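Asks: Got a sequence here, can you model it:
(2 chains)
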2 protein chains.
Amino acid sequence: MTPDAERTEAPSTTELSPPNRTLMGPGPSDVHPRVLRAMSTPLVGHLDPAFIDLMDEVQELLRYTFGTDNRWTIPVSGTGSAAMEAAIGNVVRPGDTVLVPTNGYFGGRMAEMARRAGGAVETVDAPWGEALDPDTVADALAEHDPDVFGFVHAETSTGVLQPEVPALTEAAHDHDALVIADTVTSLGGVELRVDEWGIDVAYAGPQKCLSCPPGASPLTLSDEAMDRVLARDEPPRSWYLDLSLLEGYWGDERSYHHTAPITNVYAIREALRLVAEEGIEARWERHERLSGALQAGVEGMGLEMNAAPAARLPSLNAVVVPDGVDDGEICDAVLERYDLEIAGGLGDLAGDVFRIGCMGYSARPENVVLTVTALGDALESAGADVDVEAGLEAVRTALR
Amino acid sequence: MTPDAERTEAPSTTELSPPNRTLMGPGPSDVHPRVLRAMSTPLVGHLDPAFIDLMDEVQELLRYTFGTDNRWTIPVSGTGSAAMEAAIGNVVRPGDTVLVPTNGYFGGRMAEMARRAGGAVETVDAPWGEALDPDTVADALAEHDPDVFGFVHAETSTGVLQPEVPALTEAAHDHDALVIADTVTSLGGVELRVDEWGIDVAYAGPQKCLSCPPGASPLTLSDEAMDRVLARDEPPRSWYLDLSLLEGYWGDERSYHHTAPITNVYAIREALRLVAEEGIEARWERHERLSGALQAGVEGMGLEMNAAPAARLPSLNAVVVPDGVDDGEICDAVLERYDLEIAGGLGDLAGDVFRIGCMGYSARPENVVLTVTALGDALESAGADVDVEAGLEAVRTALR
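Replies: Sure, this is the predicted structure:
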């Protein structure tokens, strides 16, 4: 067959029929049937008056979920990393000093994005798997006097939740630094109060605790942060993510910038409606409870959690891989035998931990039972010293 | 109500029920029911072996649709402008000279993105509503000796199709310039042969002739273009759209970069399967035929097309607004009376043209009949001198 003939022959494919997985990895999580159904809704145009009304509703629902009154609260047209780059790429100006943490994979990504925005990166150090210490942060702020301080509220790579957020934001504000929070894996699942805690900018992914397919990602900025964006001498380096241009579309004017991902906006609206129906605080409590049962099961069978109890992230549970066990083989085994997705470690923790999500619609008793069963079974088969029955009993007790 | 109380009270919203529009504007177009159904498919993880297989299929289907063997053929995780910025932001290096056209809105956007990538922009001039003249392009190439030449194959703002593409690419290659083509409104609807025509880089939107909801957008690069990207001294300014990093995910390694918009990948796969089933050449022919009927109807009722016959874009029909008529009022009237979306002009042509799409699943006889009926009716009500019956008869004749 000549190359030309190859090109003009239509590829043959079968009907879409992916396997039926249970998603307990670091994201995406299982999507609620109502959100899936919303995605099959026929489209209206991105400038249709009816769509403008939906945009208003999404913004209001996002404000509720973030705990903010910020006017600049929108879904960015891309996955979580696009919202992250929108935050960093707009707030960081060339020459700005940006202080970021070293205690996980996503702090490293912040640094990389800040550099590409023209920022000078300084770090506040903490080992992978530990939270930032407010005193260390205060020292780093005093030393570097940054324009921007970024931290990760919920580190998906380590399963660590950053406690004492107000202590960090107060310290940053003492140095007139704007605070950017990575809330990718906390929004909608873990206590987060953007305004009350003094966070200037926060971004998230929809496919974690909101249980929404990735494609439109939450971002919120205070008026002060947005003023800085609008007063930039030179435009941000991305046109697509330029908030001063997006202002025209999501602000009062509703003028064309780019075509919004309409279906993803339908989806996030429905996912956020589910948050509002459950109530944000009840939702945080559910994540605590289900994650608690998962942790009880894991520890009950004889495994160890990676993070200290005070800094454990309910939505992402990092479990230490037992000696002599290959994490990849275990993940493959639970996928094959149980159609269950969990993940291994990332970066510094590669090979050392399993990462087990407990997010949004995935945070249900049946999924916790399945996960403890499947993980225990796979570990037992691999010769690890685990007591699956004891683990499952601990789950039942915790769920009582 | 205090601000705090407002924040913690969950907003109340109703079930998603947007109006049932017929989409004959500049995009999005009507989405095929099979694509909508694909979007309600439960998710697998973005690193699931089953998803990797789907990614391979999407790449193969995209190659077929673009008319290319390019290995670097992927859906970018964002809407069409994200694919555009991925193309320009990776290929253009700081200090590069970039030659772009002035004959429409999207040439201007190319210029803006090239500047943000650090490029020095030069223009090849042509009035809005006309195609580029190959001799003018050759002169501009000789004058500026650019590193990159960008052109718009299908200008959504003017309804102009760029003919004689090989003449442009040959001239550019004589000056060792890489050629970037904006095929947002041509891919899947208008003849396009990336390899045969010597196009180095092309990007598109899924919500035009592919009739797929926006969110994952086609991009293809030749090996030569990708070599230039991989040999850059400094990384592109966007991390999210950095193709050297995306290579890890879409290339052989399939390693994590960012979470792909899984549902949008499901959708574009189904939309591209529909292209393959119809056959790309049959699809081009259908767009010609239906757009021909639409033009016959428009001209039959006494209106004028904006573009010269040789440069008319089947997928986007720019119709001159009759004297004394307000285009916005007409668009509002057809939306209200007929649930039909068409659009007014953009940029230099604001107020001067209606932009009527005829794209993908929207390119059907029933939509053409509705559009001619609704537009004629609204214009007649507004006092314009149109003969709706003659227009509809011309449609019937053209469709015979």
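Asks: okay, CA-based contacts and neighbour counts for the rest of this
Replies: OK.
Asks: Grab the nearest non-local neighbour of A:Glu389.
Replies: A:Met301 (7.3 Å; C-alpha to C-alpha, 6 or more residues apart in numbering or on different chains).
Asks: What about the one you found, how many residues nearby?
Replies: In terms of burial, A:Met301 registers 22 neighbours under the definition other C-alpha atoms under 10 Å in any protein chain shown.
Asks: again, but for A:Asn264
Replies: Other residues lying near A:Asn264 total 30 when counted by other C-alpha under 10 Å.
Asks: So it sits against A:Gly215, correct?
Replies: Yes. Using C-alpha atoms under 8 Å, A:Asn264 is in contact with A:Gly215, at 5.8 Å.
Asks: between those two, what contacts are shared?
Replies: Jointly contacting A:Asn264 and A:Gly215 under the rule C-alpha atoms under 8 Å, 6 or more residues apart in numbering or on different chains are B:Gly215.
Asks: ok, now which ones touch A:Gly279?
Replies: When contacts are counted by C-alpha under 8 Å, 6+ apart, A:Gly279 touches B:Ala10.
Asks: if I look at it, how far off is A:Tyr64?
Replies: Per C-alpha to C-alpha, to the nearest Å, A:Gly279 is found 10 Å from A:Tyr64.
Asks: Now for these two: what residues contact both?
Replies: By the contact definition C-alpha under 8 Å, 6+ apart, A:Gly279 and A:Tyr64 are jointly contacted by B:Ala10.
Asks: what about the strands in the stretch 151-300 of chain A?
Replies: If you assign secondary structure with DSSP state E, counting those that start in this stretch, the strands in the stretch 151-300 of chain A sit at A:154-155, A:160-161, A:178-182, A:201-203, A:217-221.
Asks: Report the distance from the third one to the chain centre.
Replies: Read that as strand A:178-182. For strand A:178-182, the gap between its own C-alpha mean and the chain's C-alpha mean amounts to 14 Å (C-alpha atoms, centre = their mean, to the nearest Å).
Asks: Give the other helices and strands that it contacts.
Replies: Using 3 or more C-alpha pairs under 8 Å, 6 or more residues apart in numbering or on different chains; DSSP states H and E, the elements in contact with strand A:178-182 are helix A:80-91, strand A:148-152, helix A:165-174, strand A:201-203.
Asks: Can you say which of these is nearest to chain B?
Replies: Nearest of these to chain B, taken as C-alpha to the nearest C-alpha: helix A:80-91 at 6.1 Å.
Asks: outside of that closest one, which residues touch it?
Replies: Helix A:80-91 is contacted from outside by A:75-77, A:110, A:113-114, A:116-117, A:148, A:180, A:182, A:184, A:201-206, A:214-219, A:225-226, A:228-229, A:236-238, A:241-243, B:238-240, B:258-259, using C-alpha under 8 Å, 6+ apart.
Asks: Convert the C-alpha atoms of that helix to PDB, please.
Replies: In PDB, the C-alpha atoms belonging to helix A:80-91 read as follows (Å, rounded to 0.1, in the frame of the first residue of the first chain):
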ATOM      1  CA  GLY A  80      -6.900  21.500  36.100                       C
ATOM      2  CA  SER A  81      -3.400  22.400  34.800                       C
ATOM      3  CA  ALA A  82      -4.900  25.100  32.600                       C
ATOM      4  CA  ALA A  83      -6.600  26.700  35.600                       C
ATOM      5  CA  MET A  84      -3.200  26.400  37.400                       C
ATOM      6  CA  GLU A  85      -1.400  28.100  34.500                       C
ATOM      7  CA  ALA A  86      -4.200  30.800  34.300                       C
ATOM      8  CA  ALA A  87      -3.600  31.600  38.000                       C
ATOM      9  CA  ILE A  88       0.200  31.600  37.800                       C
ATOM     10  CA  GLY A  89       0.600  33.000  34.300                       C
ATOM     11  CA  ASN A  90      -1.600  36.000  35.000                       C
ATOM     12  CA  VAL A  91      -0.600  36.900  38.600                       C
END
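Asks: Okay, now the unreliable bits of chain A?
Replies: Within chain A, the segments meeting pLDDT under 70 span A:1-8.
Asks: centroid residue for it?
Replies: Among the residues of chain A, the one closest to the centroid is A:Val184, at 2.2 Å (C-alpha atoms, centre = their mean).
Asks: With adjacent residues omitted, what lies nearest to that residue?
Replies: Leaving out its chain neighbours, A:Val184 is closest to A:Ala204 (C-alpha to C-alpha, 6+ apart), at 3.6 Å.
Asks: what's the burial count for that neighbour?
Replies: Counted with other C-alpha under 10 Å, the burial measure for A:Ala204 works out to 30 neighbours.
Asks: quick one, phi psi at it?
Replies: phi -150, psi 170 (degrees, to the nearest 10).
Asks: tell me the contacts of it?
Replies: Taking C-alpha under 8 Å, 6+ apart, we find A:Ala204 in contact with A:80, A:83-84, A:182-187, A:217-219.
Asks: So which of these is the closest to chain B?
Replies: The nearest member of the contacts of A:Ala204 to chain B, counting by C-alpha to the nearest C-alpha, is A:Gly80 at 7.5 Å.
Asks: show me the contacts for the residue lying closest to that closest one once chain neighbours are set aside.
Replies: Using C-alpha to C-alpha, 6+ apart and skipping residues adjacent in sequence, the residue nearest A:Gly80 is A:Gly205, 4.1 Å away. By C-alpha under 8 Å, 6+ apart, the contact list for A:Gly205 reads A:79-81, A:83, A:183-185, A:214, A:216-218.
Asks: ok, so what distance separates A:Gly205 from B:Ile280?
Replies: In this view, A:Gly205 and B:Ile280 are 36 Å apart by C-alpha to C-alpha.
Asks: now swap in A:Ala204 and tell me
Replies: Distance check for A:Ala204 against B:Ile280: by C-alpha to C-alpha, it reads 39 Å.
Asks: Could you do A:Gln207 as well?
Replies: Using C-alpha to C-alpha, one obtains 34 Å as the distance from A:Gln207 to B:Ile280.
Asks: which one of those two has more residues nearby?
Replies: With neighbours defined as other C-alpha under 10 Å, A:Gln207 and B:Ile280 compare such that A:Gln207 has more, 30 against 26.
Asks: Does that one touch A:Pro214 like I think?
Replies: Yes. With contact defined as C-alpha under 8 Å, A:Gln207 reaches A:Pro214; the gap is 5.2 Å.
Asks: what's the overlap in contacts for these two?
Replies: The contact lists of A:Gln207 and A:Pro214 share A:Pro28, where a contact means C-alpha under 8 Å, 6+ apart.
Asks: Tell me who's in contact with the residue nearest to A:Ala142 when sequence neighbours are not counted.
Replies: Ranked by C-alpha to C-alpha, 6+ apart and with sequence neighbours excluded, the top spatial neighbour of A:Ala142 is A:His175, at 7.5 Å. By C-alpha under 8 Å, 6+ apart, A:His175 lies in contact with A:141-142, A:145-146.
Asks: thinking again about what came up before, and the contacts of A:Ala204, which is closest to B:Pro49?
Replies: Ranking these by separation from B:Pro49, with C-alpha to C-alpha as the measure, puts A:Gly80 on top at 21.9 Å.
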